[in-house]
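# When you get a sec, could you give me coordinates for this:
(4 chains, ligands or ions: 6)
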Amino acid sequence: MQDYDLTVKIGNMILKNPVIVSSGTFGFGEEFEDFFNLNDLGAIIPKGISLRPMMGNPPPRIFETEGGIINSIGLQNPGFQEFIKNKLPYYRNLKTHLIINFFGKSQKEYIELARRFDSVPGISGLEINISCPNIKRGGIVFGTDPQMAYRLVQAVRKSTKLTLIVKLSPNVTDIALMAKSVEEGGADAVSLVNTFRAMAVNIHTKKPELGNMIGGLSGPAIKPIALRMVWEVNQVVHIPIIGMGGIMNAEDAIEFILVGASAIQIGTANLINPRTGIEVIHGIKKYLAQNKTNRIQKLIGALLISP
Amino acid sequence: MQDYDLTVKIGNMILKNPVIVSSGTFGFGEEFEDFFNLNDLGAIIPKGISLRPMMGNPPPRIFETEGGIINSIGLQNPGFQEFIKNKLPYYRNLKTHLIINFFGKSQKEYIELARRFDSVPGISGLEINISCPNIKRGGIVFGTDPQMAYRLVQAVRKSTKLTLIVKLSPNVTDIALMAKSVEEGGADAVSLVNTFRAMAVNIHTKKPELGNMIGGLSGPAIKPIALRMVWEVNQVVHIPIIGMGGIMNAEDAIEFILVGASAIQIGTANLINPRTGIEVIHGIKKYLAQNKTNRIQKLIGALLISP
Amino acid sequence: MPLQTDGIVVSNGRIKSLYFILGIYCPPIANQIKPGQFVMLKVSDDRSPLLRRPFSVYKSYPVSHPEKRKKGYLFILYKKVGKGTRKMTTLKKGQKVNLIGPLGNGFTLPPLPSSDNSILIGGGVGIVSLCSLGKALESRKLFVFIGGKTQDDILCVEDFKKFNSNIFIATEDGSLGVKGTVVNLFLSQRKKFKKNEKYYIYACGPSAMLKALAGTVKFQNFMCQASLETRMGCGFGACWGCVVKTNHPKTPYQRVCKDGPVFRLEDIVWE
Amino acid sequence: MPLQTDGIVVSNGRIKSLYFILGIYCPPIANQIKPGQFVMLKVSDDRSPLLRRPFSVYKSYPVSHPEKRKKGYLFILYKKVGKGTRKMTTLKKGQKVNLIGPLGNGFTLPPLPSSDNSILIGGGVGIVSLCSLGKALESRKLFVFIGGKTQDDILCVEDFKKFNSNIFIATEDGSLGVKGTVVNLFLSQRKKFKKNEKYYIYACGPSAMLKALAGTVKFQNFMCQASLETRMGCGFGACWGCVVKTNHPKTPYQRVCKDGPVFRLEDIVWE
Ligand SMILES: Cc1cc2nc3c(=O)[nH]c(=O)nc-3n(C[C@H](O)[C@H](O)[C@H](O)COP(=O)(O)OP(=O)(O)OC[C@H]3O[C@@H](n4cnc5c(N)ncnc54)[C@H](O)[C@@H]3O)c2cc1C
Ligand SMILES: Cc1cc2nc3c(=O)[nH]c(=O)nc-3n(C[C@H](O)[C@H](O)[C@H](O)COP(=O)(O)OP(=O)(O)OC[C@H]3O[C@@H](n4cnc5c(N)ncnc54)[C@H](O)[C@@H]3O)c2cc1C
Ligand SMILES: Cc1cc2nc3c(=O)[nH]c(=O)nc-3n(C[C@H](O)[C@H](O)[C@H](O)COP(=O)(O)O)c2cc1C
Ligand SMILES: Cc1cc2nc3c(=O)[nH]c(=O)nc-3n(C[C@H](O)[C@H](O)[C@H](O)COP(=O)(O)O)c2cc1C
Ligand code: FES
Ligand code: FES
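Ligands and ions are numbered 1, 2, ... in the order given. Purely as a prediction, here's the structure:
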């Protein structure tokens, strides 16, 4: 096969291809090693990490809807220390980028975590989750207020030299404004979207289908909204955009790239077809061939807008 | 069959049942008369009307996505005068409520239209669309700014004695705040949700799938988000809520009622199964029977929240 | 009067390459449907795809039809192009399918005494809706122009042979008939048509074909009715999703499903 | 080691009321899978339903199995309860289906020399995962308690008859066996079990059943392994969607798919 240049640059990271697996849908990576060679991915983002362990939300935590799933995992994770001790060593032998997704309950915690991760070898970048809809205090407010997001990012920026990606919430009136704010705050890239706050009701029990009542909607159902948001953000920011939301295959990924995403993340699709990431990489190559180009860069933001 | 009391009260209107067909998905009503008896519906809301005729957006105007459709009709309508002259007479013989959905390009136009409709016999209520994502100026800003929405509703309120429903946009950070604002402005009810701003790209032509690039997402894909929004609004307002977003059958409708909707609207489903409205009414009766009650009122907001 | 009704699949199979014929037993629609009208078919019980899909009726037999094994049947000739038509290929004999129809205005037949002056021009699967028209015009002499990308895309030739037709075929790759577009083929045969007689052209095919045709048939003696295809939300006039731009003074965007699908070609504004 | 692989449907049919058996030719998984493990099945090519569905394996035959017509086959006994299982019933012989498996930890067999001291308690479709366990314990004497709502929900009786089992049946409506729950039936037979011997209970069924069981078997001489069922996102440990609350000191919410589905009953915290 021909040689394709799929490399993209996000902050200081050169990814061998634009395909990243998203936080919370790829476990700690090892769960996927039986299905394909993780080294083929552009980057891996493990489950989001907090300063202290979090036990997560009560079950049921997941519910399927038309073309999507609502989850209320509640950011269950072993916390910084356990992660470094028990999970990080696994990535040592991998030849792909490791991006750490994390979140805090306060600005202080965000800064503290950024500082700590900064000194850990083997980490390429940080993705801060200012947008998780599943925790009731903290987190969520940063993700919906441009001022707070700006200040938070500015502070985190000072605490790390690693590539800093800010993951945006779609639950806002003006996502472009949010993106602009975090860009000004010093983010190297934005990633979007996180999940949409959503719920479902069991009409027989008259109870919510999720233990936490409200969860986050992901999957193909949200793709059209996510795509619009990436496009809007692309109109105003100069930093790279990592697009996601319902990407199930290469065609979906290419849509995101055409509207301006430099890289993309695979989320829910990992749960259904663990090989999605690898299949997307192959599909992108095929598309490049069909388009008689060998550089992915040429496609980024290449949407043709009718006159 | 047993006698069921499906009546609900929205402002001054007593609807014989909570099933309303939504604006833009039910034509002017006559398109459905071959499929069922329109008198069986709780209310009919024809296509949104503006002061002057609007030619709408260039095609393609519709695109199907996973579990949803994106439309960019662009509010094509014949304008107030034509509507009164050519469309309104049709409703004279119907024995159900007629609710007029309308929108303006400015606050002045909204007031003007409300005033004009107020003096037209045969109209039970007004639904003001402050949220259509398809027109580029006007409209949309009212739907995302609580202050502007408040002032707009207050002004419209003064121009009409008809039941005033305000239709909310889901493209906001805090829908409860929007609802609260329009309640304070004097709305008799809120209806939600309108469509989510969305887009789709054809990767072969590299062009947007819609002539207008951006359209509004509706259908089952959005139901979980719409349901959450109705629930949130129900926590803060005291006026009735009319819920919608992806309702395809009675089960879906009941979910909305359980989280607090006093009535519901059928949108996209009308296009697929024109008899959806009627089937939902039957399904609600069946559910009442199963729940050993004969009053729909008992179900409104009856969600059980686990301790 | 359109109605929503179930039909029973009686047959479904490939005729060639990407083309299939679906047979449905559905007397209420088979009794009524006229050439150029269409049905909206729910190709699957579930929500994938969500919307119905529009299809012309290839052949239909009212219950009054003498052949017992055809009474109340209608046939759809379809091309597998995407999600919905892919699912259609899996429909099995005996399955129920839901239909809405007949929809749209259909073709206006030429004024009665005339003969020998109907011209049918079909591109790709567009020829299907002309096939039932051909039958309605059976007694007259027809000029039929059939075009497609390759010989695999040339449909209904055998059907038109049964009528009193003069058949002309064009393929873009030259694999059957004349090489080129069907519009060019039609143009090349124009001398066959007398200047002082009125001809009724019935055209159906991709927009590119109709646009090209519009550019060429600006002659007094050609009256052209074109059947258009656009993406449809409902098919029965409720959503304004299917519009095409016309020269209508008040309402330039007309609904293909309700105001069409057959329009006077000269009324369409091509952009 | 779990793997993702295609299988071929070899049979699919109703056994009674809402219960069906699906046969799949899938050597890589049939070779490996152990009692209590499960597979994640993509029941449909399209996105409706979106997620895979978890199923125990009712019977499986490695390629080393002597009977040629069973080599590499696995069978799923399933109940039609919703969207996914409804679609499953339409799978046809020869169709491809995608599977991930074997997944989960499976049951721990009793320490070797012991015999006559395995107790299997299954409610509804839960008995299925005990059926392959029954086979693994074939040589020993088994006490098998099978429960269900009505006689239609009593499954696998014929299978257990082939093993060396003492079968007890309970239905909630009394239409078969003793009237009442399977847990009450088990309790009523408790005098059969000697106080000074260790018994290995294997239980699978709805939470209500397992919870009731947990309330009753707090005796030193009963070791109870319970196989749990929760809604699953992935089935292979990636999403933390399937958790159950346990008495684990650090991580109370354990994954049913990866840390289970078999847990020590006493470790589960019922809420
Ligand atoms: C009045 C009318 C009559 C028709 N009659 C026939 C017929 O007799 N036989 C037949 O094979 N097809 C016919 N079509 C076209 C047919 O409706 C589409 O091919 C079908 O809807 C595609 O569905 P899909 O899900 O397979 O494709 P999708 O996945 O929806 O789309 C695949 C491709 O087909 C295009 N497409 C989708 N819908 C339409 C449409 N309505 N018109 C044109 N292109 C479309 C899309 O833009 C895309 O390029 C007719 C269309 C109309 C409007
Ligand atoms: C490890 C494991 C092994 C299983 N083995 C079998 C088996 O051998 N045979 C069998 O028939 N079923 C088995 N199940 C249950 C089976 O997975 C569900 O019945 C199936 O997923 C329902 O899918 P659906 O789309 O038809 O139902 P849905 O439409 O998703 O739901 C219908 C109803 O089933 C419930 N349900 C959905 N998923 C599950 C689940 N994972 N566990 C319990 N209830 C659920 C829902 O809450 C709802 O009440 C097993 C489940 C697990 C976790
Ligand atoms: C089960 C699950 C868990 C998730 N956990 C996290 C998380 O810990 N941190 C985070 O930033 N996003 C989390 N997400 C969001 C995804 O990373 C992604 O942003 C979202 O699902 C949209 O992409 P998708 O539609 O491709 O899934 C989670 C999503 C799912 C489905
Ligand atoms: C084709 C189409 C046209 C619409 N036109 C209007 C409109 O004119 N005015 C309005 O307030 N809402 C309009 N809507 C929004 C619907 O009334 C409804 O709010 C939305 O579709 C969500 O409900 P659903 O998911 O049930 O369709 C339109 C929706 C569709 C699909
Ligand atoms: S498809 Fe809905 S109006 Fe034509
Ligand atoms: S189902 Fe995903 S972790 Fe268990």
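# tell me the phi and psi of the residue of chain A most remote from its centre?
Going by CA atoms, centre = their mean, the residue of chain A most distant from its centre is residue A:204, 35.3 Å out. Backbone geometry at residue A:204, expressed as degrees, to the nearest 10, gives phi -80, psi -40.
# For it, give its distance to chain B.
Applying CB to the nearest CB, to the nearest Å, the value for residue A:204 to chain B is 9 Å. In short, each C-beta sits where N, CA and C put it, glycine included.
# Any figure for the gap between the closest residue to ligand 1 within the stretch 201-307 of chain A and residue A:266?
Nearest residue of the stretch 201-307 of chain A to ligand 1: residue A:251, at 11.7 Å (CB to the nearest ligand atom). Counting by CB to CB, to the nearest Å, the gap from residue A:251 to residue A:266 is 13 Å.
# Counting neighbours around each, name which of those two comes out higher.
residue A:266 (28 against 16; other CB atoms under 10 Å in any protein chain shown).
# so what's the more buried one bridging to?
Counting by DSSP bridges, residue A:266 is bridged to residue A:21.
# ok, it touching residue A:25?
Yes. Counting by CB atoms under 8 Å, residue A:266 touches residue A:25, with 7.4 Å between them.
# burial of residue 40, as a residue count?
If you meant another chain, say so; for now it's chain A. Neighbour number of residue A:40 under other CB under 10 Å is 15.
# The intended chain is chain C.
25.
# Secondary structure class of it, three-state.
strand (DSSP: H, G, I helix; E, B strand; the rest coil).
# One more: residue A:154?
helix.
# residue contacts, the nearest residue to it once chain neighbours are set aside?
In space, and not counting its chain neighbours, residue A:154 is closest to residue A:185: 4.4 Å by CB to CB, 6 or more residues apart in numbering or on different chains. Taking CB atoms under 8 Å, 6 or more residues apart in numbering or on different chains, we find residue A:185 in contact with A:149, A:150, A:151, A:152, A:153, A:154, A:157, A:166.
# where do the helices sit along the stretch 1-150 of chain C?
Secondary structure of the stretch 1-150 of chain C by DSSP state H, counting those that start in this stretch: the helices cover C:27-30, C:83-88, C:127-136.
# between the ones you listed, which one is nearest to ligand 4?
Of the helices of the stretch 1-150 of chain C, nearest to ligand 4 by CB to the nearest ligand atom is helix C:83-88, at 18.2 Å.
# How far away from the center of its chain is the closest one?
19 Å (CA atoms, centre = their mean, to the nearest Å).
# and the closest residue to residue A:171 other than its chain neighbours, which of the three is it?
Nearest non-adjacent residue to residue A:171, counting by CB to CB, 6+ apart: residue A:197, 5.3 Å away. Of the three states, residue A:197 takes strand under three-state DSSP.
# Kindly state the beta-bridge partners for residue A:197.
Beta bridges link residue A:197 to residue A:216, judged by DSSP bridges.
# who's in contact with the closest residue to ligand 3 within the stretch 1-150 of chain C?
Closest residue of the stretch 1-150 of chain C to ligand 3, CB to the nearest ligand atom: residue C:48 (16.9 Å). Counting by CB under 8 Å, 6+ apart, residue C:48 touches A:67, B:66, B:67, C:83, C:87, D:46, D:47, D:48.
# Find the residue closest to the fourth one in space, skipping its chain neighbours.
What sits nearest to residue C:83 in space, not counting adjacent residues and going by CB to CB, 6+ apart, is residue C:49, at 5.1 Å.
# before we move on, the earlier item: okay, the residue farthest from the centre of chain A: pLDDT?
Among the per-residue scores, residue A:204 holds a pLDDT of 97.
# burial count for residue C:226?
29.
# residues contacting it?
C:202, C:203, C:204, C:210, C:213, C:214, C:262, C:263, C:264, C:265, C:268.
# Identify, by residue count, the longest strand of chain C.
strand C:3-16 (DSSP state E).
# partners of residue C:179 in the sheet?
Going by DSSP bridges, residue C:179 forms beta bridges with residue C:171.
# For residue 13, give me its contacts.
Looking at chain A here, since you left the chain open. Contacts of residue A:13 (CB under 8 Å, 6+ apart): A:43, A:97, A:99, A:124, A:125, A:163.
# my question was about chain C
C:20, C:21.
# Okay, it and residue C:79: tell me how far apart.
Distance of residue C:13 to residue C:79, given as CB to CB: 14 Å.
# shared neighbours of those two, anything?
residue C:20.
# Next, count neighbours for residue A:147.
Around residue A:147 there are 9 residues (other CB under 10 Å).
# Would you agree it is in contact with residue A:181?
Yes. Between residue A:147 and residue A:181 a contact is recorded at 7.3 Å, counting by CB under 8 Å.
# burial count for residue C:64?
8.
# Please apply the same query to residue A:37.
Neighbours around residue A:37, by other CB under 10 Å: 12.
# next one: the one 4 residues further on
Other residues within reach of residue A:41 by the criterion other CB under 10 Å amount to 27.
# Surely it touches residue A:18?
No. When contacts are counted by CB under 8 Å, residue A:41 is not listed as touching residue A:18 (10.2 Å).
# what is the mean pLDDT for whatever helix or strand residue A:151 lives in?
Secondary structure from DSSP states H and E places residue A:151 in helix A:146-159. Summarised as a single mean, pLDDT over helix A:146-159 is 94.
# residues in contact with it?
Counting by CB under 8 Å, 6+ apart, A:107, A:110-111, A:114-115, A:118, A:126, A:128, A:130, A:141-143, A:164, A:166, A:177-178, A:180-182, A:184-187 sit against helix A:146-159.
# do stretch C:255-267 as well
B:31, C:36, C:38, C:54, C:103-108, C:201, C:203, C:210, C:213-214, C:217-218, C:223-230, C:232, C:234-237, C:240, C:242-244, C:246-248, C:254.
# close to ligand 4, is that stretch?
No. Stretch C:255-267 does not reach ligand 4 (CB under 6 Å from any ligand atom); its nearest approach is 11.9 Å.
# That stretch spans what distance, first to last residue?
Using CA to CA, to the nearest Å, one end of stretch C:255-267 lies 13 Å from the other.
# Does that stretch reach ligand 1?
Yes. Judged by CB under 6 Å from any ligand atom, stretch C:255-267 and ligand 1 are in contact via residue C:261.
# What residues are recorded as beta-bridge partners of residue 9?
All of this is about chain A. Assigned bridge partners for residue A:9, using DSSP bridges, are residue A:14.
# you looked at the wrong chain, it should be chain C
Applying DSSP bridges, one finds that residue C:9 bridges with residue C:24.
# Show the pLDDT at residue C:113.
61.
# again with residue A:107
Reported pLDDT for residue A:107: 89.
# do residue C:246 as well
97.
# For it, list each beta-bridge partner.
Bridge pairing for residue C:246 - DSSP bridges - gives residue C:268.
# Is it in contact with residue C:269, as I believe?
Yes. Using CB under 8 Å, residue C:246 is in contact with residue C:269, at 6.0 Å.
# who has more neighbours, those two?
Shown here are residue C:246 and residue C:269; by other CB under 10 Å, residue C:246 has more neighbours (18 against 12).
# ok, that one to chain D distance?
Using CB to the nearest CB, we find residue C:246 at a distance of 37 Å from chain D.
# what residues are up against that residue?
Residues counted as contacts of residue C:246 (CB under 8 Å, 6+ apart) are C:252, C:253, C:254, C:263, C:267, C:268, C:269.
# any weak-confidence spans in the chain?
The chain I'm using is chain A. Applying pLDDT under 70 to chain A picks out residues A:1-2, A:132-140, A:307.
# That was the other one, I meant chain C.
Judged by pLDDT under 70, the stretches of chain C that qualify are C:112-116, C:218-220.
# quick one, domains of it?
Listed domain ranges for chain C are C:3-103, C:117-267 (source: automatic domain parsing).
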